[in-house]
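**Q** what follows is a protein structure lacking sequence information:
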């Protein structure tokens, strides 16, 4: 949920000519138009490919590109053509920041970003229509974690990197879901617009980037403006690979904040489905690695991160003792964050490698030891 300061900014409107441009760029009527745009490149590839695991989808697209070219080669060319604004060295600090805070990032993503996303009723209807989250909560969350783990690997986002390939697989999976919903008759476009549209996809990037940074800060971590800019830049390119139109990929963290405010004010509409999805997520991940936290504590973390107003809208309530424990943990995270900043560079890199290895072990526990069963068959 937007902070009181952010909500006040939304009420006041733009304060500078530059903010005026951003508020106009992401005005509700413009966001509404993006709800009628999906991902033509990926969607054309999936018109005649049967639904299968994400890795299988990309394997099939590559096979057809070699044999037929056409839309399949066009998709691959787009993904492997690096835009002129991309500088991999510039995004390296962002990659390292996500790697450094991997475990806590996962907790924030689960208890804050995803829960907040469910309060946006229209995009969350994809999960309701497919039934994926309610049926197999932990597996979906660990597969999301696998994606994040892979893109944070060394050279993960460079063409040919494992993270780069994983994002291509996710993009094709989204196209497969759109086709499934279109053919199944389960989707009401009059009520919810087109599924997994450009506004929804831009919102997903905000969940992994803007909301995660905001959540990490609320948990007591110190993240400088320079570090935040690098994390945003990292996800700007990741969003491009996921098929988000460049017009919705913000160039600065200040612009991103305006997009987040406009998007939330446009989509926020919690319903009974929102409550069910949030509670299903937290219940499904209770007791699971790496934190092994109880449902009540996860609810307390979520309430602390999203704020009382949204938590009340989603009917998320925890015991006072759990809420107190979260605040105590926040103090510990803050002290640890300060300590990390005093470490020499070599020690910071060792910490990042340790957290990445911890993530790998956690994902293997959650997904199983047989890579053939994973949504993405490779792990960094």
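**A** Cool, the structure landed. This is a predicted model, so every value here is computed, not measured.
**Q** going forward, measure contacts between C-alpha atoms and count neighbours the same way
**A** Noted.
**Q** measure residue 41 to residue 337 for me?
**A** According to C-alpha to C-alpha, to the nearest Å, residue 41 and residue 337 sit 42 Å apart.
**Q** no, scratch that, I was asking about residue 165
**A** For residue 165, the distance to residue 337 equals 32 Å [C-alpha to C-alpha].
**Q** follow-up on the earlier one: who has more neighbours, residue 41 and residue 337?
**A** Of the pair residue 41 and residue 337, residue 41 is the one with more neighbours under other C-alpha atoms under 10 Å, namely 19 against 16.
**Q** give me every residue that touches the closest residue to the more buried one other than its chain neighbours.
**A** Excluding the flanking residues, the one nearest residue 41 by C-alpha to C-alpha, 6 or more residues apart in numbering is residue 75, at 5.7 Å. Counting by C-alpha atoms under 8 Å, 6 or more residues apart in numbering, residue 75 makes contact with 41-42, 45.
**Q** so when I look at residue 75, I'm seeing a helix, right?
**A** Yes - inclusion of residue 75 in a helix is indicated when DSSP: H, G, I helix; E, B strand; the rest coil is applied.
**Q** mind checking how far it is from residue 83?
**A** According to C-alpha to C-alpha, residue 75 and residue 83 sit 15 Å apart.
**Q** tell me the pLDDT of the residue nearest the centre of the chain.
**A** In the chain, the residue lying closest to the centroid (C-alpha atoms, centre = their mean) is residue 208, at 3.2 Å. Here the pLDDT value assigned to residue 208 is 97.
**Q** just for the chain, where's the confidence low?
**A** For the chain, the stretches with pLDDT under 70 are 1-4, 132-135, 371-372.
**Q** residue furthest from the geometric center of it?
**A** Outermost in the chain, C-alpha atoms, centre = their mean: residue 67 at 34.0 Å.
**Q** show residues contacting the helix or strand containing that residue.
**A** Here residue 67, judged by DSSP states H and E, is contained in helix 54-68. Defining contact as C-alpha under 8 Å, 6+ apart, one finds that helix 54-68 is touched by 45, 49, 51, 71-73, 76, 166, 168-170, 172-173, 375-377.
**Q** need the nearest residue in space to residue 206, chain neighbours excluded.
**A** Closest residue to residue 206 apart from its sequence neighbours, by C-alpha to C-alpha, 6+ apart: residue 260 at 7.0 Å.
**Q** before we move on, what SS does the one you found have?
**A** Secondary structure, three-state DSSP: residue 260 is helix.
**Q** what sits against the closest residue to residue 95 other than its chain neighbours?
**A** By the measure of C-alpha to C-alpha, 6+ apart, the closest residue to residue 95 outside its immediate chain neighbours is residue 152, 5.5 Å from it. For residue 152, the contacting residues are 95-96, 98-99, 163, by C-alpha under 8 Å, 6+ apart.
**Q** ok, the residue nearest to residue 206 touching residue 204?
**A** No - between residue 260 and residue 204 there is no contact under C-alpha atoms under 8 Å: 10.7 Å.
**Q** what sits in contact with each of these two?
**A** With contacts taken as C-alpha under 8 Å, 6+ apart, not a single residue reaches both residue 260 and residue 204.
**Q** what sits closest to residue 90 if chain neighbours are left out?
**A** Counting by C-alpha to C-alpha, 6+ apart, residue 230 is the residue found nearest to residue 90 once chain neighbours are left out, at 6.9 Å.
**Q** give me the contact list for the helix or strand where that neighbour lies.
**A** According to DSSP H and E, residue 230 maps onto helix 225-241. Residues outside helix 225-241 that contact it (C-alpha under 8 Å, 6+ apart): 79, 86, 90-95, 97-98, 157, 164, 167-168, 171, 202, 205, 208-210, 213, 246, 249-253.
**Q** hmm, 6 Å instead?
**A** 79, 91, 93-94, 249 (C-alpha atoms under 6 Å, 6 or more residues apart in numbering).
**Q** count of neighbours near residue 141?
**A** Counted by other C-alpha under 10 Å, the residues lying close to residue 141 total 22.
**Q** from residue 356, how far off is it?
**A** Distance from residue 141 to residue 356, counting by C-alpha to C-alpha: 17 Å.
**Q** one more: residue 185?
**A** According to C-alpha to C-alpha, residue 185 stands 42 Å off from residue 356.
**Q** of these two, which one has the most company?
**A** Taking other C-alpha under 10 Å, residue 185 and residue 356 do not tie; residue 356 has more neighbours (23 against 9).
**Q** element containing the more buried one?
**A** Taking DSSP H and E as the definition, residue 356 sits inside helix 345-367.
**Q** hmm, who's touching that helix?
**A** Helix 345-367 is contacted from outside by 99-100, 290, using C-alpha under 6 Å, 6+ apart.
**Q** hmm, try it at 8 Å
**A** The contact list for helix 345-367 (C-alpha under 8 Å, 6+ apart) reads 96, 99-103, 138-139, 142-143, 145-146, 149, 288-290, 340, 373-374, 379-380.
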